[in-house]
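>>> Sharing a model that was predicted from the sequence below.
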Amino acid sequence: MKKLLFLAVVLLPGLSFAQKKDMAPKTYDLVIGSYTNSGKAKGIGVYRFYTESGRTAYLNEAQGVSNPSYLCVSKNNKFVYAVNENDNGEVSSFSFDAKSGTLTFINKQSTLGGAPCYISVDKNNKNLFIANYAGGNIAVMPLNADGSIGQAVQTIKDDGHGPDKERQEKAHVHTAVLSPDEKFVLYTDLGNDKINITKYKAGKDNPITPVKPPFVKVSPGAGPRHLAFSADRKHLYLITEMGSSVVAYDYNNGTLKQIQDITLLADGFKGATGAADIHVSPDGRFLYATNRGDANDISLFAINQETGMLTFIERRSTNGKGPRNFAIDPTGSFLLVAHQYTDNVVIFRIDKNTGKLTDTYNRIEVGSPVCLQFAPAL
């Protein structure tokens with residue numbers, strides 16, 4: 001009897017682990033932000049995404065939202081926040097019913113800068129961090145318990161310019177990302193070729209404070225755009241829009257040390273480019289980066305798990321024009337690319353052994369899609 005009791009105690013943790021593993025969501029909500037000024041989209045679309053097949057089903061749409069070009073979902077899955085990328089610069093909040101995919105407008109606030117193009121939120125839903133591209137500044141905006149947005153409590157703006165007189169005539173903040181431990185906020189300045197680094201403390205009048213030194217410089221004219229952390233949090237990857245490259249850094253408690261700069265372009269490539277988005281696979285083994293212009297492709301790199309260095313694997317067409325933003329589903333099985341100019345989302349299956357992509361030929365037809373975010377479906 002004692003032996004049977006001992007076996008039961010030993011086996012129970014395993015049973016519990018299996019049950020937890022089986023409880024992982026098999027379906028997600030896919031929230032899509034678009035440019036509405038094209039006249040092809042009306043607002044924010046919500047689709048059900050099935051991780052076993054890569055298929056989707058339309059759920060709902062929040063109409064009347066002006067240019068929700070980038071959005072984020074709160075960590076508690078109750079709210080969606082979207083920038084309104086217009087000259088006056090605003091941000092909108094919505095309550096989110098993940099079961100039905102319904103978005104209900106709450107309120108809107110000024111971002112204190114024109115053409116906001118990126119938004120992120122901390123895990124405790126205390127603050128939003130917004131990159132104002134035309135305004136050239138980052139804005140910190142407090143959140144209330146009901147999900148509504150308060151007036152901005154802080155903005156930081158860079159002076160100066162880069163060598164490209166047309167694209168870098170002034171500061172152009174392009175992204176604002178929290179470090180994995182949320183002790184720091186890093187934001188890129190395309191106009192000044194910099195990654196700015198600030199220390200973050202929620203609840204203060206000035207939640208973000210520049211560290212010393214407050215930034216790292218990127219190659220002149222590169223135009224830093226988006227950032228992605230490695231799974232082990234020891235490395236940071238930057239995609240440069242104008243330079244069409246990925247720059248790898250060692251990351252340690254708010255400090256960056258460059259270790260690599262690798263191109264996204266094929267040998268002998270000639271034509272317009274515009275590198276756009278960058279993400280690391282959920283298992284941390286692969287990195288993907290998109291390029292627009294005449295390239296319209298996505299590059300795949302293997303990540304050295306010891307050093308963080310990248311090794312090029314392949315480059316392939318995204319099967320559309322203007323691959324601005326893309327997302328990898330939380331299971332790491334599919335990669336979805338939003339095409340701004342061919343008005344669709346193309347769904348690829350990921351080979352988890354090689355990282356390579358295969359077109360599923362599943363499509364979501366939607367006007368001017370430019371942002372994709374996943375949220376657990378309840």
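It's in.
>>> how close does residue 57 sit to residue 305?
37 Å (Cβ to Cβ, to the nearest Å). The way it works is simple: take the backbone N, C-alpha and C, and place the C-beta from them, glycine included.
>>> what residue ranges in the stretch 1-150 of the chain are flagged as low confidence?
Residue ranges of the stretch 1-150 of the chain with pLDDT under 70: 1-24.
>>> partners of the helix or strand harbouring residue 361 in the sheet?
In the assignment (DSSP states H and E), residue 361 maps to strand 357-365. Strand 357-365 sits in its sheet next to strand 344-350 (antiparallel), going by DSSP bridges.
>>> neighbouring contacts of the strand it pairs with?
Under the criterion Cβ atoms under 8 Å, 6 or more residues apart in numbering, residues 32, 54, 56, 281, 318-320, 328, 332-339, 356-360, 362-366, 369, 372 lie in contact with strand 344-350.
>>> Kindly write the ChimeraX command that selects the buried subset of these.
To isolate the buried ones among the contacts of strand 344-350 in ChimeraX, judged by 16 or more other Cβ atoms under 10 Å, type:
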select :32,54,56,281,318,319,320,328,332,333,334,335,336,337,338,339,357,362,363,364,366,369,372
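>>> bridging residues for the nearest residue to residue 362 once chain neighbours are set aside?
Of all residues not flanking residue 362 in the chain, residue 347 sits nearest, at 4.2 Å (Cβ to Cβ, 6 or more residues apart in numbering). Bridge pairing for residue 347 (DSSP bridges) gives the partners residue 336, residue 362.
>>> what's the answer for residue 298, then?
Note on residue 298: beta-bridge partners residue 290, residue 316, judged by DSSP bridges.
>>> what about the residue nearest to residue 362, neighbour count?
Neighbour count of residue 347, defined by other Cβ atoms under 10 Å: 23.
>>> And the pLDDT at it?
Looking at residue 347, its pLDDT is 98.
>>> Okay, now the sheet partners of the strand or helix carrying residue 109, with direction.
Assignment of secondary structure by DSSP H and E places residue 109 within strand 102-110. Using DSSP bridges, the strands paired with strand 102-110 are strand 90-97 (antiparallel).
>>> Check the offset of the strand it pairs with from the chain's centre.
Put simply, strand 90-97 sits 17 Å off its chain's centre (Cα atoms, centre = their mean, to the nearest Å).
>>> export it as CSV, just CAs?
Only the C-alpha atoms of strand 90-97 are listed here, as CSV (Å, rounded to 0.1, in the frame of the first residue of the first chain):
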residue,chain,number,x,y,z
GLU,A,90,-3.8,60.5,-31.2
VAL,A,91,-4.1,57.2,-29.4
SER,A,92,-7.4,55.2,-28.8
SER,A,93,-8.3,52.7,-26.2
PHE,A,94,-10.8,49.8,-26.5
SER,A,95,-12.2,47.2,-24.1
PHE,A,96,-11.7,43.8,-25.6
ASP,A,97,-13.9,40.7,-25.4
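>>> Assumed residue 37 was part of a strand.
No: using DSSP: H, G, I helix; E, B strand; the rest coil, the assignment for residue 37 is helix, not a strand.
>>> can you pull the contacts of it?
Contacts of residue 37 (Cβ under 8 Å, 6+ apart): 66, 67.
>>> again, only this time at 7 Å
By Cβ atoms under 7 Å, 6 or more residues apart in numbering, the contact list for residue 37 reads residue 67.
>>> go on, residue 99?
Residue 99 is in contact with 377, 378, counting by Cβ under 7 Å, 6+ apart.
>>> Now do it against residue 264, distance only.
Distance of residue 99 to residue 264, given as Cβ to Cβ: 39 Å.
>>> Check residue 309 too.
Between residue 309 and residue 264 the distance is 16 Å, computed by Cβ to Cβ.
>>> what does the strand holding residue 361 rub up against?
Strand 357-365 is contacted by residues 47, 54-56, 316, 319, 335, 343-350 when judged by Cβ under 7 Å, 6+ apart.
>>> run the last query once more with 6 Å
54, 55, 56, 344, 345, 347, 348, 349 (Cβ atoms under 6 Å, 6 or more residues apart in numbering).
>>> And the furthest pair within those residues?
The distance between the two most remote of those (Cβ to Cβ) is 16.8 Å, for 344 and 349.
>>> Settle it for me: which of these two has more neighbours?
Per other Cβ under 10 Å, whichever of residue 344 and residue 349 has more neighbours is residue 344, with 19 against 16.
>>> Dig out what the nearest residue to residue 157 once chain neighbours are set aside forms beta bridges with.
Nearest non-adjacent residue to residue 157, counting by Cβ to Cβ, 6+ apart: residue 137, 3.8 Å away. Taking DSSP bridges, one finds residue 132, residue 157 as the beta-bridge partners of residue 137.
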